[in-house]
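Enquirer: show me how the following folds:
(one chain, ligands or ions: 1)
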Amino acid sequence: MKRAFLFGLGTFLILSALWSLLQFSALSAVLALILMPISVPVIRAAQRAPSNRSRLHAVVGWILGFLAVGICEFAVLGGAVFVSSLSSAQNVKVVPTTPVTYNIFPPVEYDHDYEGDLTIKMVDSIAELYAVCKINNPSLLACSSHNAKSCLIIMVKDEVMRKNGYSTGLLFRHERGHCNGWGADHAGQRPLLVGSPYWAPPDQRVSLPPEWEQEAMTIRAKNQQR
Ligand SMILES: [Zn+2]
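Expert: Residues are numbered from 1 along each chain as shown. Below is the predicted model:
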């Protein structure tokens, strides 16, 4: 039976190597290179092994040998799939896919273009913002005011927004929501999610050449002297 088992195993290894070669991929070529040398000593050992006691032993031995690798592979792969399914099930619990950073967006019904006369005023500092907003909120970055035909949005400049973890784009959407009639109670406010396209790391944002910024600063300084 040992002789038949080894012959079966050897046959399987040779067929697997040939099958791998026929796949024409780098991985299968490596598999073929591994299987080929293993099959040689297996066949040699089969030739040296004592002859089979009976035809039944020979047939059963050959089949077991032929299937041995397949059964082991199946057990290993099945185990791996089982373990990975266990670990991925645990991951779902531990890491939420879209954690919330903060609430900023108005509800969908207010999150659209303002169909009226809109003014956007930018100020340089939080101190200036308090002067023109007259709102006593320690985390104030923008405010707005509207009537039947128009809306005025006042925001501190983007550099100051960014230091506080916001942007003028995010605050504009927030204030535009108020222009559209969203109440001061912020009912139904929606979150900015981690990985949102509305927030990019500094190195991925467009920026002006520093000399252009400097040119503008020089013009501003001149105008302030007058
Ligand atoms: Zn608000």
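Enquirer: break this protein into its domains for me.
Expert: With automatic domain parsing as the criterion, the domains of the chain are listed as 2-94, 101-195.
Enquirer: residue 169 belongs to a helix, doesn't it?
Expert: Yes. Residue state for residue 169 (DSSP: H, G, I helix; E, B strand; the rest coil) corresponds to a helix.
Enquirer: could you check how far residue 163 is from residue 202?
Expert: Distance of residue 163 to residue 202, computed by Cβ to Cβ, to the nearest Å: 12 Å. From N, CA and C alone the C-beta is placed, and that goes for glycine too.
Enquirer: cool, and residue 212?
Expert: Using Cβ to Cβ, residue 212 is found at 18 Å from residue 202.
Enquirer: who's more crowded, the two?
Expert: residue 212 (10 against 7; other Cβ atoms under 10 Å).
Enquirer: what about the helices in the chain?
Expert: Using DSSP state H, the helices of the chain run over 2-22, 26-48, 55-94, 126-133, 158-163, 168-179, 210-225.
Enquirer: flag the shaky bits of this structure, pLDDT-wise.
Expert: Along the chain, the model assigns pLDDT under 70 to residues 1-43, 45-46, 52, 56-97.
Enquirer: how about 50 then?
Expert: For the chain, the stretches flagged by pLDDT under 50 are 5, 13, 15, 18, 72, 92, 96.
Enquirer: and for residue 133, the neighbour number?
Expert: By other Cβ under 10 Å, 20 other residues sit near residue 133.
Enquirer: residue 154 versus that one, what's the distance?
Expert: Distance, residue 133 to residue 154, using Cβ to Cβ: 6 Å.
Enquirer: quick check: neighbours shared by the two?
Expert: Counting by Cβ atoms under 8 Å, 6 or more residues apart in numbering, the shared contacts of residue 133 and residue 154 are residue 143.
Enquirer: check which residues of stretch 187-202 are buried.
Expert: Across stretch 187-202, burial judged by 16 or more other Cβ atoms under 10 Å covers 192, 199.
Enquirer: now do that stretch: distance from first to last residue.
Expert: Distance between the two ends of stretch 187-202: 31 Å, counting by Cα to Cα, to the nearest Å.
Enquirer: give me the contacts around that stretch.
Expert: The contact list for stretch 187-202 (Cβ under 8 Å, 6+ apart) reads 98-108, 111, 167, 169-170.
Enquirer: report the contact partners of the nearest residue in space to residue 126 that is not next to it in sequence.
Expert: Distance criterion Cβ to Cβ, 6 or more residues apart in numbering; nearest residue to residue 126, sequence neighbours excluded, is residue 156 at 5.9 Å. Neighbouring residues of residue 156 by Cβ under 8 Å, 6+ apart: 122-126, 128-129, 141-142.
Enquirer: closest one of the residues you listed to residue 48?
Expert: residue 141 (84.6 Å; Cβ to Cβ).
Enquirer: that closest one against residue 164, yeah?
Expert: Yes. Look at residue 141 against residue 164 with Cβ atoms under 8 Å: they come within range, at 6.2 Å.
Enquirer: among these two, which residue is more densely surrounded?
Expert: When residue 141 and residue 164 are compared for neighbours, residue 141 comes out ahead with 21 against 12, by other Cβ under 10 Å.
Enquirer: please tell me how far that one sits from residue 108.
Expert: 23 Å.
Enquirer: check residue 147 too.
Expert: Distance, residue 147 to residue 108, using Cβ to Cβ: 24 Å.
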